[in-house]
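S.K.: next comes the sequence, and after it the predicted model I'd like to discuss.
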Number of protein chains: 2
Amino acid sequence: MNADFKTWASNCQSHIETFLESHLPAANTTPERLHQAMRYSVLGGGKRVRPLLSFAAGELNQADTARVTTAAAAVELIHAYSLVHDDLPCMDDDVLRRGKPTCHIAYDEATALLTGDSLQSLAFQLLSEECLADDPSIQLKMIKQLAQASGSRGMAGGQAFDLDSVGKTLTLPDLEFMHIHKTGALIRSAVMLGAYCGGNLNDKQLEQLDHFAKCVGLAFQVVDDVLDAEATTATLGKTAGKDAENNKPTYVSILGVSQARELADTLRQDAFNALKDFDDKATRLRQVTDFIIQRKF
Amino acid sequence: MNADFKTWASNCQSHIETFLESHLPAANTTPERLHQAMRYSVLGGGKRVRPLLSFAAGELNQADTARVTTAAAAVELIHAYSLVHDDLPCMDDDVLRRGKPTCHIAYDEATALLTGDSLQSLAFQLLSEECLADDPSIQLKMIKQLAQASGSRGMAGGQAFDLDSVGKTLTLPDLEFMHIHKTGALIRSAVMLGAYCGGNLNDKQLEQLDHFAKCVGLAFQVVDDVLDAEATTATLGKTAGKDAENNKPTYVSILGVSQARELADTLRQDAFNALKDFDDKATRLRQVTDFIIQRKF
């Protein structure tokens, strides 16, 4: 990771942290336990991969930083809510997340349920209460994009497909279908919302960006599976080896580690090809892609 | 209930049912189990009180019926999601809703969790994908209003406050705080979103409508508590007497049945007073108010 990118990424992460810190309800606002749990689940953790993608796509399109920060925070809140719900006993039943007890362990199940629900509402509140695009109808498009990506034909649908697949033999296309929904949809939102905050892109450019985001979303998941298979719980900050233990189909269980790594490289190349018309404007997006693919945790 | 109102209400209910039927993903769309559970939890049940309020507020403001239907459906989806999550074992742990097994009983807990999550996303998708106001910035205002009303400083916050209050002695103001959030916020959204679909109201008129909605929201809850204390499970379509059994503070436990009924009447009068400047235009809103207060289940 070059020094320039490191500084840029760290600035983006601190923009997001400051924004979330001040836009999450204060811990002493009634109902206090819920607000504490919301802050616990969102602040001070995570790699903020989706926000980095939003900022990089925003830079490509000369977007105002304050607007991108808001849009990125909304996407991150949807991601955070999905983790809180995903960790619940009726889902993955996990006790460790980002090196800390999961929300329902630190608080309780009912609070974790309402925390996830409230984080989702807050995401849409953020996208609707500040001006994020010169044309408010573009802002409506952003909301629609995030809502679709979050729902039953997006992230939540991917999770449902995942649940149905435990113990089943999945084909590679099945696995791809699952991840395009479960992780990919929100990563595409991160990219597209960041870009929408800037000037108008034509349909061809929007398609190129969307194809880039689709490749990065899949690559992200392939790398995730490799890391889950190889890492230890300590480096991962969440329970390692859960997928194998739960008999969940993954890129590693279907392809093996070495072919999975090759697939990640191919997807990286596809992602870069999709950006070629943007030339230097897409430098940050390429750097974030490499950050995602070369990460160790 | 007069015949004219009965016909009007039945028309509104059928508009909503048809709209929801066609805007919920089909039961054979992957992931099928999730989509079946979403349809199971939303269609063919409920009094559709919130949609009736949206339609009546829309009429007051000469709003287009198709627009109001979309807005009303969004509010109803938020309501439906809250019921699915509220019935989960970690919350009220209820097995019966609208005379049928609750979602997690008919399906399973994980599916019920994702069903609620997806219904919330769908609500915001509906509010952003069709034109609901001539000025798109009004539509952004509608989304903000529903997001705030749903989140931790609205409905979900009220539920958290409710959880915290089990077994505690609440004062009347505490109880009011809880219900203004838990039920009231969404009822206010129903009224305001319906009105926003029509022409511009001035600030004073918006305030009057909001005050009306606040009174109706509280009255709704007072009547709910009376019905829960008096009705049988068969007429209620959900488990009766749960509040007392769970040692939950209610208007009946604090005031007794007869004073609770008086409070409902006072709130009805306050609600009507708030509408007096609207004259005949508010006839439907008055009728819906009486429908809410005089209901038997």
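M.R.: Noted; the coordinates are in hand.

S.K.: in the stretch 151-297 of chain A, what residue is nearest chain B?
M.R.: A:Gly151 (3.4 Å; CB to the nearest CB). (Each C-beta comes from the backbone N, C-alpha and C, glycine too.)

S.K.: what's the local residue count around that residue?
M.R.: Neighbour count for A:Gly151, taken as other CB atoms under 10 Å in any protein chain shown: 26.

S.K.: any idea what sits nearest it, other than its immediate chain neighbours?
M.R.: Using CB to CB, 6 or more residues apart in numbering or on different chains and skipping the chain neighbours, the partner closest in space to A:Gly151 is B:Ser121 (3.4 Å).

S.K.: same check on A:Asp265?
M.R.: Nearest to A:Asp265 is A:Ile293, by CB to CB, 6+ apart, at 7.8 Å.

S.K.: counting neighbours, what do you get for the spatially closest residue to A:Val95 that is not a sequence neighbour?
M.R.: Spatially, and ignoring its direct neighbours in sequence, A:Val95 is nearest to A:Ile105 (5.2 Å; CB to CB, 6+ apart). When neighbours are counted by other CB under 10 Å, A:Ile105 registers 16.

S.K.: need the pLDDT of A:Ile105.
M.R.: Looking at A:Ile105, its pLDDT reads 98.

S.K.: distance from the one helix or strand it maps to to the middle of the chain?
M.R.: A:Ile105 belongs to helix A:103-106 when assigned by DSSP states H and E. Relative to its chain's centre, helix A:103-106 lies at 21 Å (CA atoms, centre = their mean, to the nearest Å).

S.K.: cool, and stretch A:249-260?
M.R.: Distance of stretch A:249-260 from its chain centroid, counting by CA atoms, centre = their mean, is 22 Å.

S.K.: can you list contacts of the helix holding A:Ile105?
M.R.: For helix A:103-106, contacts defined as CB atoms under 8 Å, 6 or more residues apart in numbering or on different chains pick out A:37, A:40-41, A:84, A:87-89, A:95, A:97, A:100, A:111-112, A:115-116.

S.K.: now those residues: which count as buried?
M.R.: A:37, A:40-41, A:84, A:87-89, A:97, A:100, A:111-112, A:115-116 (16 or more other CB atoms under 10 Å in any protein chain shown).

S.K.: what is the mean pLDDT for stretch A:140-158?
M.R.: The average pLDDT within stretch A:140-158 is 98.

S.K.: and that stretch, end to end?
M.R.: 24 Å (CA to CA, to the nearest Å).

S.K.: name the residues of that stretch that are buried.
M.R.: By 16+ other CB under 10 Å, the buried positions in stretch A:140-158 come out as A:140-158.

S.K.: any stretches of the stretch 101-250 of chain A with poor pLDDT?
M.R.: Across the stretch 101-250 of chain A, residues meeting the criterion (pLDDT under 70) sit at A:232-246.

S.K.: now the helices for it?
M.R.: A:103-106, A:109-129, A:136-150, A:155-165, A:172-179, A:185-196, A:203-230, A:233-236, A:242-245 (DSSP state H, counting those that start in this stretch).

S.K.: of all these, which lies closest to B:His211?
M.R.: helix A:109-129 (22.7 Å; CB to CB).

S.K.: mind giving me the packing neighbours of that closest one?
M.R.: Helix A:109-129 makes packing contacts with helix A:32-42, helix A:65-86, helix A:103-106, helix A:136-150, helix B:65-86, helix B:109-129, helix B:136-150, helix B:155-165 when contacts are defined by 3 or more CB pairs under 8 Å, 6 or more residues apart in numbering or on different chains; DSSP states H and E.

S.K.: of those helices, flag the one that's most buried.
M.R.: Neighbour counts (mean count of other CB atoms under 10 Å in any protein chain shown) averaged over each of those peak at helix B:109-129, with a mean of 27.

S.K.: what distance separates that helix from the middle of the whole chain?
M.R.: Relative to its parent chain, helix B:109-129 has a centroid offset of 16 Å by CA atoms, centre = their mean.

S.K.: output it as CSV - backbone C-alpha positions only.
M.R.: What follows is helix B:109-129, C-alpha atoms only, in CSV (Å, rounded to 0.1, in the frame of the first residue of the first chain):
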residue,chain,number,x,y,z
GLU,B,109,-36.9,-17.1,13.1
ALA,B,110,-34.2,-16.3,10.6
THR,B,111,-36.7,-15.9,7.8
ALA,B,112,-38.9,-13.7,10.0
LEU,B,113,-35.8,-11.5,10.8
LEU,B,114,-35.0,-11.1,7.1
THR,B,115,-38.7,-10.6,6.3
GLY,B,116,-38.9,-7.6,8.6
ASP,B,117,-35.6,-6.2,7.3
SER,B,118,-36.7,-6.6,3.7
LEU,B,119,-40.1,-5.0,4.2
GLN,B,120,-38.4,-2.0,5.7
SER,B,121,-36.1,-1.7,2.6
LEU,B,122,-39.1,-2.1,0.3
ALA,B,123,-40.9,0.8,2.0
PHE,B,124,-38.1,3.2,1.2
GLN,B,125,-37.8,1.7,-2.3
LEU,B,126,-41.5,2.5,-3.0
LEU,B,127,-41.2,6.0,-1.7
SER,B,128,-38.2,6.7,-4.0
GLU,B,129,-39.1,4.9,-7.3
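
S.K.: tilt between it and helix A:65-86?
M.R.: 160 degrees (axes from the mean of the first three to the mean of the last three CA atoms, to 10 degrees).

S.K.: go ahead and flag the most central residue of chain A.
M.R.: With distances taken as CA atoms, centre = their mean, A:Arg50 lies nearest the centre of chain A, 4.5 Å away.

S.K.: and it, what element?
M.R.: Residue-wise, A:Arg50 maps onto helix A:49-60 under DSSP H and E.

S.K.: check which helices and strands that helix is in contact with.
M.R.: Counting contacts by 3+ CB pairs under 8 Å, 6+ apart, helix A:49-60 packs against helix A:3-23, helix A:65-86, helix A:185-196, helix A:203-230, helix A:283-293.

S.K.: ok, which residues in the stretch 151-297 of chain A are in contact with chain B?
M.R.: A:Gly151, A:Ser152, A:Arg153, A:Gly154, A:Ala156, A:Gly157, A:Gln159, A:Ala160, A:Phe161, A:Leu163, A:Asp164, A:Phe177 (CB under 8 Å from any CB of the partner chain).
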